[in-house]
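Chemist: Would you be able to build a 3D model of this:
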Amino acid sequence: MATRVYLGDLRYNTGGVLANDCMPLGVAYMKAVMDRDNTDVDSRLFVYPDRLMQALREAPPDILMLSNYVWNEALSRAFFRIAKQVNPNVLTVMGGPNIPLEPDRQIAYVEACPEVDVYITGEADFAASRLVSIFQDCGQSHTAWGARGMDSSIWRNPEGQLVRSATKPRHREVNEIPSPWLTGIQDEFFDGRLSPMIETNRGCPFTCTFCAQGTSWYSKVHNFELDRMKEEIHYIAKRIQEKSPKMGTLRIADSNYGMFERDIEISGYIGQMQRDYGWPTFIDATTGKNRPERIIKSVEQVSGALVLYQAVQSLDENVLRKIKRETIKLDAYKALEVHMRGRGLKSISDLILGLPGESLQTHLHGLTTLLDSNIDQMHNFQAMMLKGSEMEKAESREVFKFDTRFRVLPRNFGVFEERRVFDTEEIIVATDTLPFEDYITCRKYHLISSVFWNDGWFAHLVAFCRAHGISNAEWWKAMLPALEDGDAEVRGFLDQFVGETKGELFPTREACIDFYSRDENFEKLGRGDIGDNLMYRYRAIASFFIWDAVCNAAMKASRELLEARGVPATIPDFDLFWADFHSFTRLSHATGLTEEAILASTEAVLNYDFPAWIASGDWMNPAACRLAEPQLFLFELTEEGAREMKMSLATWTTHIRGLSKLVTRIRVESQVRQCMPADGSAGMTRRAGVMAAE
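Modeler: The predicted model follows:
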C-alpha cells in the first residue's frame, strides 16, 4: 500500500472570510517533487481546515506535513494534535521560516511542540520527498526514523531527546522543481476564493535584520526559467477565465520584483494576458529596492495593475545602519518617484514603527518626507519580532531594549474539535529610543495617513491647498487636530481607535489567548467587534460608515489653513465655491451601509464645472469654470468600477470584517463616482479628470 502523505498550508476561514487568500505555493512545490520522485506515495494538498479534518477522519495519513508561518503556527500545531489522536502512529512534520535562528533556541522551540515529530529547517522542496523515502526505508517506524534522522532537520531520537542536524545550503537549480501549475496540482484551488501566487525567483541580496530573508543564507538569487514562467502565467490566465473569472488578483512572491532585467519581459507577458484574457486587474508585489529604470519599465507593461511598492522602512540613516539596510539606495527611490510621477503612475511606500534607533522625531520626519515626495500611498507597519530574522535574536532584544506585546492576528482564530485556537504576533511597542507614549502618538498619525492620504480620497483638496503654498505634510499634520477638535463623531472615531490600539496589546502570548478564550470576548472576536486589523478596520469605517463626518473634518481643517494665508479673499465668491467643492468631494466617494447605497448614483446642483477645472490643471483659481447658471450634476460609478465593487462586495460583504479586507483589495478608481451634467451637455469632455489630481 502506498504511503499516504498529506501536505497543508492551512489558513483560517473566519465567518466566511479567509485570513489568507493566496493559493498554496511552498507546499505545492513539495508535492510536485514528491509526486515525481516517490512512486509509492499517495499525496494530497490542503488549505482549508475543514477539508483536512474530514480527510483525517476518513483516511488518516501516515505522514502529515504542515507549514509554519506567523499566521498559522497555532493552527498547524492544533491539527498535528488532532492527527495524533486519530492515528498515534502518524509522523508529524513541520517546516517553514517561523523558527528562531539560534540553534539552541530552535531546539527549545521544537521541545515546546511535543506534537511535532520532525522540523525541517531551510527549504523543504526536496527535503520533504527525501524524508518520506527515509521513513519508508525505516519501515515507517518512528523508532527507526529517530535513530537515523536526516540533514536540515530537528527530530526526537528513540530516547526522546532532540537532535539537530546542520541546514543544507539552498538548492541552486530551482528549475529542477516541477511546476505545481503545469502539473495540475493547483487546479482544485481555482475556486474563486483564492488568488494565484507565482514565484519568478528566490532569494534576496539585501540584509535587512527585521526580515527572515535578510540572513546570508538567502543572499543568492536563483531564477526560474523565463519560458517556464510564461507557461505558468498563461496556464493560470486560462484557468482563471474558465474557473474563477471574478478573481482579478495575481500575487508575485519575489522579494524584489522588477529589479532584474528579465522582470521587464515577464511583465510584458503578463500584459499580454491582460489583453487576451482580461486578467490580472491587480498585481500584488513588492517591487525592487534599486534599479529604478527596470522597475519603471516593469510597471509600465501591465496597464496600471502593478503599483510601485518601494518599501523604505525608515529614512533615518542611523536606523538604516542598525537594521543593515544601508545598501539600499535612497537615491534610487527618489529617482523612481520622479519618473513614476512624470508618467502618471502610482507609487506606494512604507515605514516600520519600532525599529532600532527610531524615535518619534525620526519617524515623523520619514512620514513627512514621503508625503512631500507626493507618494500616493504610505503604509505604516509595526515592527514584528519575526522568528527567523536577526532582529528577533536574543542578543538584539537585549541590545536595543525591545519592549514587546502580543496581539491576536486579525481573523486568525477558530474552533477545531471544540478547542479554540488563536495565532498571535509579537510586536515592538517601545525601545531605548521610543517610549510607549510616542508609539501611541505615531499610531494616531498612521490612522491619519490611512484615512486622509492613502488612495487619494482628498487628492483634489490637497492639490488646491498645495497650489496655495500649503505643503502635503502641513496639510496632513492638520488632520490629527481636525479629529481631536472635531465633532463628536470624529472625536469618538479617534478615541475608539486609540482605545482599541492599547486594548489589543498583551504582555504575553498566554495572556492574549486567555483573554480571547473567554466566552464573551470570543463572541466579540467572531463578530469582528475586536481583534481585527485596526488600521484597515478604521479605514473601512471612515470610508463606508462615517464618510460625511470625515469629509467635513477635512474640509474644515483645509479651510482654516487657507484662511491663515488669506486665500479666500483672493477668490471671488469663495464661500459658494467652497460649499460646492465640499459637495463634490463628498459625493465623488461611493459610500454607504448597504450594497445598494454604495453602488447608487447621486446628484447635486453645482455652480462650478469641477471636472473641467480639474482637467485644466489650474488649481489656483476656479473662477474660469464658474457656470453661468447653477446646473444639476450626476455622480455615479463607471460601469467597470460598479462591476468590480459589486464583485468585491459579493466576496467580502458589507460587514465590517469583510470591508476591512475589501479596502485593501479594490482599485481606488472603483470607489470613485464620476461627475457629469445631468443633461449630458458639453463642457464635460474629460470625465476622467475626477479620477486623480495631476
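Chemist: List the buried residues for the strand ranked longest in the chain?
Modeler: Secondary structure of the chain per DSSP state E: the longest strand is strand 403-416. Neighbour counts over strand 403-416 (16 or more other C-beta atoms under 10 Å) mark 403-414, 416 as buried. All C-beta atoms are positioned from the backbone trio N, CA, C, and that covers glycine.
Chemist: And stretch 296-313, by the same measure?
Modeler: 296-302, 304-313.
Chemist: so who does the closest residue to Leu505 other than its chain neighbours touch?
Modeler: Closest residue to Leu505 apart from its sequence neighbours, by C-beta to C-beta, 6 or more residues apart in numbering: Arg405 at 3.8 Å. Arg405 sits next to Glu426, Ile427, Val429, Leu505, Phe506, Pro507 when contact means C-beta atoms under 8 Å, 6 or more residues apart in numbering.
Chemist: Can I get these in a markdown table including distance to His363?
Modeler: Shown next, in a markdown table, are the contacts of Arg405 (distance: C-beta to C-beta, whole Å):
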| residue | distance to His363 |
| --- | --- |
| Glu426 | 20 |
| Ile427 | 15 |
| Val429 | 13 |
| Leu505 | 18 |
| Phe506 | 24 |
| Pro507 | 24 |
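Chemist: Select only the buried ones of those residues in ChimeraX?
Modeler: Applying 16+ other C-beta under 10 Å to the contacts of Arg405, the buried members can be selected in ChimeraX as follows:
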select :426,427,429,505,506
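Chemist: re earlier: out of the buried residues of strand 403-416, which comes closest to Arg325?
Modeler: Closest approach to Arg325 among the buried residues of strand 403-416 (C-beta to C-beta): Thr404, at 20.9 Å.
Chemist: Where does the nearest residue to that closest one once chain neighbours are set aside fall, secondary structure wise?
Modeler: Spatial nearest neighbour of Thr404, chain neighbours left out: Glu426 (5.0 Å); criterion: C-beta to C-beta, 6+ apart. Assignment of secondary structure by DSSP states H and E places Glu426 within strand 419-430.
Chemist: returning to that earlier point: partners of the residue nearest to Thr404 in the sheet?
Modeler: Judged by DSSP bridges, the bridge partners of Glu426 are Phe406.
Chemist: I figured it was touching Met385, is that so?
Modeler: Yes. With contacts counted by C-beta atoms under 8 Å, Glu426 reaches Met385, the gap being 4.2 Å.
Chemist: Give the residues shared as contacts by the two.
Modeler: Common neighbours of Glu426 and Met385 (C-beta under 8 Å, 6+ apart) are Thr404.
Chemist: one step back: relative to strand 403-416, how tilted is the strand holding Glu426?
Modeler: Using axes from the mean of the first three to the mean of the last three C-alpha atoms, to 10 degrees, the direction of strand 419-430 lies 160 degrees away from that of strand 403-416.
Chemist: now strand 419-430, how far from the chain's geometric center?
Modeler: Distance of strand 419-430 from its chain centroid, counting by C-alpha atoms, centre = their mean, to the nearest Å, is 17 Å.
Chemist: I'd like the next helix or strand past it.
Modeler: Next element after strand 419-430 (DSSP H and E): helix 436-448.
Chemist: list the buried ones in that next one?
Modeler: Neighbour-count burial for helix 436-448 [16+ other C-beta under 10 Å]: Asp438, Tyr439, Thr441, Cys442, Arg443, Tyr445, His446, Leu447, Ile448.
Chemist: now stretch 489-506
Modeler: Val490, Phe493, Leu494, Phe497, Glu500, Thr501, Glu504, Leu505, Phe506.
Chemist: Make JSON lines from the residues you listed and add secondary structure to it.
Modeler: Below are the buried residues of stretch 489-506 laid out as JSON lines (DSSP: H, G, I helix; E, B strand; the rest coil):
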{"residue": "Val490", "secondary structure": "helix"}
{"residue": "Phe493", "secondary structure": "helix"}
{"residue": "Leu494", "secondary structure": "helix"}
{"residue": "Phe497", "secondary structure": "helix"}
{"residue": "Glu500", "secondary structure": "helix"}
{"residue": "Thr501", "secondary structure": "helix"}
{"residue": "Glu504", "secondary structure": "coil"}
{"residue": "Leu505", "secondary structure": "coil"}
{"residue": "Phe506", "secondary structure": "strand"}
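Chemist: in the stretch 151-300 of the chain, which spans are helices?
Modeler: Taking DSSP state H, counting those that start in this stretch as the test, the helices found in the stretch 151-300 of the chain are 226-243, 261-277, 292-300.
Chemist: now for the shortest one, which elements pack on it?
Modeler: Read that as helix 292-300. In terms of contacts (3 or more C-beta pairs under 8 Å, 6 or more residues apart in numbering; DSSP states H and E), helix 292-300 is packed against helix 261-277, strand 308-313, helix 330-342.
Chemist: quick one: it to chain centroid distance?
Modeler: 21 Å.
Chemist: now do stretch 352-359
Modeler: That offset, for stretch 352-359, works out to 20 Å (C-alpha atoms, centre = their mean).
Chemist: Start at 4, not 1
Modeler: Yes, from this point I'll number from 4; that puts the last item at stretch 355-362.
Chemist: Okay, now the unreliable bits of the stretch 204-353 of the chain?
Modeler: By pLDDT under 70, the weakly predicted segments of the stretch 204-353 of the chain are 292, 329-348.
Chemist: try it again with 80
Modeler: Scanning the stretch 204-353 of the chain for pLDDT under 80 picks out 291-296, 307, 310-314, 329-350.
Chemist: And for the chain?
Modeler: Using pLDDT under 80, the chain drops low at 18-20, 291-296, 307, 310-314, 329-350, 683-697.
Chemist: Quickly find the element holding the nearest residue to Trp479 once chain neighbours are set aside.
Modeler: Ranked by C-beta to C-beta, 6+ apart and with sequence neighbours excluded, the top spatial neighbour of Trp479 is Leu374, at 5.4 Å. Under the criterion of DSSP H and E, Leu374 resides in helix 363-375.
Chemist: Other residues contacting the helix or strand just after that helix?
Modeler: Next helix or strand after helix 363-375 toward the C-terminus (DSSP H and E): strand 380-385. Strand 380-385 is contacted by residues 310, 349-357, 370, 373-374, 430-432, 445, 448-449, 452-453, 456-458, 538 when judged by C-beta under 8 Å, 6+ apart.
Chemist: Equivalent analysis for stretch 369-378, please.
Modeler: Taking C-beta under 8 Å, 6+ apart as the rule, stretch 369-378 contacts 315, 317-319, 337, 340, 344, 350-352, 354, 381, 383, 448, 452, 456, 474-476, 479-480.
Chemist: For these, which ChimeraX command selects only the ones that are buried?
Modeler: In ChimeraX, this line selects whichever of these come out buried by 16+ other C-beta under 10 Å:
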select :315,317,318,319,340,344,350,351,352,354,381,383,448,452,456,475,476,479,480
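Chemist: Could you pull out the buried residues of stretch 511-527?
Modeler: Under 16+ other C-beta under 10 Å, the buried positions of stretch 511-527 are Arg512, Cys515, Ile516, Phe518, Tyr519, Phe525.
Chemist: Mind checking which of the residues you listed land in helices?
Modeler: Arg512, Cys515, Ile516, Phe518, Tyr519, Phe525 (DSSP state H).
Chemist: Give me the distance between the first one and Tyr15.
Modeler: Read that as Arg512. 17 Å (C-beta to C-beta, to the nearest Å).
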